[in-house]
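just need the structure, nothing else, for what follows:
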Amino acid sequence: MKKLLLIAAFSLVGLGSYACTNFIVGKKASKDGSVFCTYNADDYGMFIGLCHFPAGKHAKGEMRKVFDWDSHKYLGEIPEAPITYNVIGNINEHQVCIGETTYGGREEMTDSTGLIDYGSLIYIALQRSKTAREAINVMTTLVNTYGYYSGGETFTICDPNEAWIMEMMGKGAGSKGAVWVAVRIPDNAICAHANQSRITKFMQYPKGDVMYSKDVISFARSKGWYTGKDKDFSWRDVYGEPTFGGRRFCDARVYSFFNRFADNFDRYLPWVLGKDPNAEDMPLWIIPNKKVSFEDVAAAMRDHYEGTPLALDSSNVGGGIWQMPYRPTPLYYTVDGKKYFNERPVSTQQTAFSFIAQLRSWLPRQIGGILWFGNDDGNMVPYTPIYCGNTVQPECYNTPGADALNFSDKNAYWVCNWVSNMVYPRYSLLFPPLKAMRDSLENSYLAQQPQVEKRAAELYNTDVAKAVKYLNDYSNEQAQSMLKNWKELATFLIVKYNDMAVKPTEGRSFKRNKEGLGAKVQRPGYPEAFARKLVKETGDWYLVPEEKKK
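Prediction:
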């Protein structure tokens, strides 16, 4: 167990600023009654697969080592719980799922002597909780007992019946404690957070739908940060006030999600554009104008602000010749002493892993919980199903010898990144075949789901262990099949689009002429929109002169 914990701790590298995105869908807001919650884990250089912590019983006095999720620094030891639950990725066998985004907040509140960082907090809570409320209790008890090492954090904490958003900050070096607030998202609502504190005046919520530390307001008063009435206290405005970047790079991703399920949501554009200090702020949640499906959530995780004024497309030269909806980082750049920025969408090239958790109360727990997992930018890969009772990871998500500096064609992170990095710079040419493969695989998983789960339920009635193994084997088969298809896609793309030409195909087969050679290649040249930009920039420099007839 200790060895597994060590491996999990060292499989991650630091999550940078503006790094992650979470979406939440309540059970009455979804099309089928599922609770959905999502997570994009984004950072350059991050290499990670699918972690696993087996269920266990622990003797009194047994300790576990704690390593900071970002830096891998050893923080210390804490006592193990007598019983821990099986955890696969960010979901446990009881369908509890936890995600996060970092917003930082007041630097002086970070406790450099704390023993529990936000990443360890997630996985320890998953091992010790059967419900979202229990996870909140575990997390807050841990930081009050051992101190909170990280900066300001927003957590998504869900089970098949409830969805919560919790925000937490330490109380400074040596404090051994934290201030925090947790708000239950209504069952008929959707919510989102993306590296910007989102909870404002929480005292307005019904007593059963909000929890907070006893000193959440008095601590701010003791520091001179707040002097108003308790009912008017806003967590975000005191502990994590948004900057321009917090609105434009972070809340803009929340806007992109809400905008899909709301009418006239452009009223909040002045807020997310970040330049108007008096703009109307977005609500913490909204009631969607339609029931939200898995496909809707997946599309939102693949968003580049399409259809909004922030869209990353061919509207400017930043997308290159083939309209890439991605931009290089850092987000800020300087020209002639002036500071400029790139948009920061949900879907981004530095995503190490992405998931959509589907939690269903009406099914046996090991059948009801699915972590739809992708080991790269969610736009560039299909989400494969990982059931919450699984105890063995697919080899492609847990590959011996593969890491951030060692490529392996057995590893999903590397094979998927191989394909993605071919596609990014020639997006409008190469993305259509990738999307076709992605959607075909994902649709096949969804189509198989009823039959697979029916069989699992039959097994469950007589032998739970057999049902869990059946779902584990099915999950691993689909993940390995995805890897096989993605390797074939990689070779197809390099052959078809080699040297910026296009070889004709019929389906996935390359055409040949009657002599057996490859059919004549097509040379698509510049897309019209880019050609016009190039001519506008270069004027007549490349204009072909008209030749006079003799």
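
now the end-to-end length of stretch 457-467.
7 Å (CA to CA, to the nearest Å).

give the rounded mean pLDDT of that stretch.
Per-residue pLDDT values over stretch 457-467 give a mean of 98.

all numbers from here: first residue = 359
Okay, residue one is now 359; in that scheme the one you just asked about reads as stretch 815-825.

for that stretch, which positions count as buried?
817-818, 825 (16 or more other CB atoms under 10 Å). All C-beta atoms are positioned from the backbone trio N, CA, C, and that covers glycine.

wouldn't Tyr698 be in contact with Leu689 here?
No. With contact defined as CB atoms under 8 Å, Tyr698 does not reach Leu689; the gap is 9.6 Å.

the more surrounded of the two?
A count of neighbours by other CB atoms under 10 Å puts Leu689 above the other of Tyr698 and Leu689, at 16 against 9.

roughly how far apart are that one and Ala610?
To Ala610, Leu689 is 12 Å away according to CB to CB, to the nearest Å.

return every residue with contacts to both of those two.
Here Leu689 and Ala610 have Arg702 as joint contacts, going by CB atoms under 8 Å, 6 or more residues apart in numbering.

what does the helix or strand hosting Leu627 contact?
Taking DSSP states H and E as the criterion, Leu627 maps to helix 627-631. For helix 627-631, the surrounding residues in contact (CB under 8 Å, 6+ apart) are 605-606, 609-610, 612-613, 634, 637-640, 666-668.

low-scoring pLDDT stretches of this structure, where are they?
Along the chain, the parts satisfying pLDDT under 70 run over 359-376, 672-673.

mind redoing it with 50?
For the chain, the stretches with pLDDT under 50 are 359-374.

tell me who's in contact with the closest residue to Cys378 other than its chain neighbours.
Distances taken as CB to CB, 6 or more residues apart in numbering put Thr459 closest to Cys378, at 4.3 Å, once the chain neighbours are dropped. Residues in contact with Thr459 (CB under 8 Å, 6+ apart) are 377-380, 511-512, 551-554, 608.

list phi and psi for Thr459.
Main-chain dihedrals, Thr459, degrees, to the nearest 10: phi -140, psi 140.

ok, Phe652 next?
In terms of degrees, to the nearest 10, the main-chain angles of Phe652 are phi -60, psi -40.

quick one: it and Leu717 touch, right?
No. Using CB under 8 Å, Phe652 is not in contact with Leu717; the gap is 11.9 Å.

quick one: common contacting residues for the two?
392, 394.

who has more neighbours, those two?
Using other CB under 10 Å, the more surrounded residue of Phe652 and Leu717 is Leu717, with 30 against 21.

so which elements touch the host helix or strand of Tyr828?
In this assignment (DSSP H and E), Tyr828 forms part of helix 822-854. Applying 3 or more CB pairs under 8 Å, 6 or more residues apart in numbering; DSSP states H and E, one finds that helix 822-854 makes contact with helix 723-726, strand 742-745, helix 770-781, helix 785-820.

mind listing what's buried along that helix?
Neighbour counts over helix 822-854 (16+ other CB under 10 Å) mark 825-830, 832-834, 836-841, 843-844, 847-848, 850-851, 854 as buried.

that one: what's the following helix or strand?
strand 863-864.

partner strands of that next one and their direction?
Each strand paired with strand 863-864, and its direction, by DSSP bridges: strand 867-868 (antiparallel).

tell me which stretches of this structure form helices.
For the chain, the helices defined by DSSP state H occupy 360-368, 476-486, 490-504, 576-580, 593-597, 602-603, 610-616, 627-631, 652-659, 723-726, 770-781, 785-820, 822-854, 886-896.

show me what contacts His410?
362, 366, 444-447, 748-751, 756.

would you agree His416 is in contact with Arg486?
No. If you go by CB under 8 Å, His416 and Arg486 don't touch, sitting 10.9 Å apart.

which residues do the two both contact?
Common neighbours of His416 and Arg486, counting by CB under 8 Å, 6+ apart, are 439, 442.

which one's more surrounded, the two?
Legend: neighbour count by other CB under 10 Å for His416 and Arg486, higher for Arg486 (23 against 15).

partner residues bridging the residue nearest to Cys378?
Thr459 forms beta bridges with Thr512, as assigned by DSSP bridges.

do you know how far it is from Lys559?
Shown here: Thr459 relative to Lys559, a distance of 21 Å by CB to CB.

just the terminal-to-terminal distance for stretch 863-882.
15 Å.

what does stretch 596-612 give?
Note: stretch 596-612 ends 21 Å apart using CA to CA.

next: stretch 714-729.
Taking CA to CA, stretch 714-729 runs 6 Å from one end to the other.

repeat that for stretch 433-449.
Terminal-residue distance, stretch 433-449 (CA to CA): 24 Å.

what number of residues are in the vicinity of Lys891?
Lys891, neighbours per other CB under 10 Å, totals 16.

please apply the same query to Pro564.
Neighbour tally, Pro564, other CB under 10 Å: 7.

what do you get for Leu763?
7.

so Phe711 makes contact with Asn733?
Yes. Taking CB under 8 Å as the definition, Phe711 is a contact partner of Asn733 at 5.4 Å.

residues touching Asp661, list them.
Taking CB under 8 Å, 6+ apart as the definition, contacts of Asp661 comprise 611, 614-615, 618, 703-705.

and it, backbone torsions?
phi -80, psi 140.

now it: how far from Thr706?
10 Å.

what's the answer for Lys842, then?
26 Å.

quick one: Ala658 and Val704 touch, right?
Yes. The criterion here is CB under 8 Å, and Ala658 meets it with Val704 at 6.9 Å.

shared neighbours of these two, anything?
Shared contacts of Ala658 and Val704 (CB under 8 Å, 6+ apart): 614-615.

give me the number of residues near the nearest residue to Gly598 once chain neighbours are set aside?
Using CB to CB, 6+ apart and skipping the chain neighbours, the partner closest in space to Gly598 is Ser555 (3.0 Å). By other CB under 10 Å, 27 other residues sit near Ser555.

check the gap between Ser555 and Gly897 for me.
Ser555 is 49 Å from Gly897, by CB to CB.

equivalent analysis for Pro628, please.
From Pro628 to Gly897 the distance is 37 Å (CB to CB).

check contacts around Tyr884.
679, 892.

find the residue closest to Asp469 in space, skipping its chain neighbours.
Per CB to CB, 6+ apart, closest to Asp469 is Gly528, 3.7 Å.

so who does that neighbour touch?
By CB under 8 Å, 6+ apart, the neighbours of Gly528 are 467-469, 472, 501, 505-509, 535-536.

number of nearby residues for the nearest residue to Pro518 once chain neighbours are set aside?
Closest residue to Pro518 apart from its sequence neighbours, by CB to CB, 6+ apart: Ser719 at 3.7 Å. Neighbourhood size, Ser719 [other CB under 10 Å]: 15.

isn't Ser719 right up against Asp390?
No. Using CB under 8 Å, Ser719 makes no contact with Asp390, being 11.2 Å away.

and which of the contacts of Thr459 is nearest Ile645?
Nearest to Ile645 among these, counting by CB to CB, is His551 at 17.7 Å.

buried ones only from the contacts of His410, please, as a PyMOL command.
Selecting only the buried entries of the contacts of His410 in PyMOL, with 16+ other CB under 10 Å as the criterion:
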select buried, resi 366+444+445+446+447+748+751+756
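
which ones among the contacts of His410 lie within strands?
Within these, residues falling in strands by DSSP state E are 445-446.

ok, the contacts of His410 vs Lys587, which is closest?
Val445 (42.0 Å).
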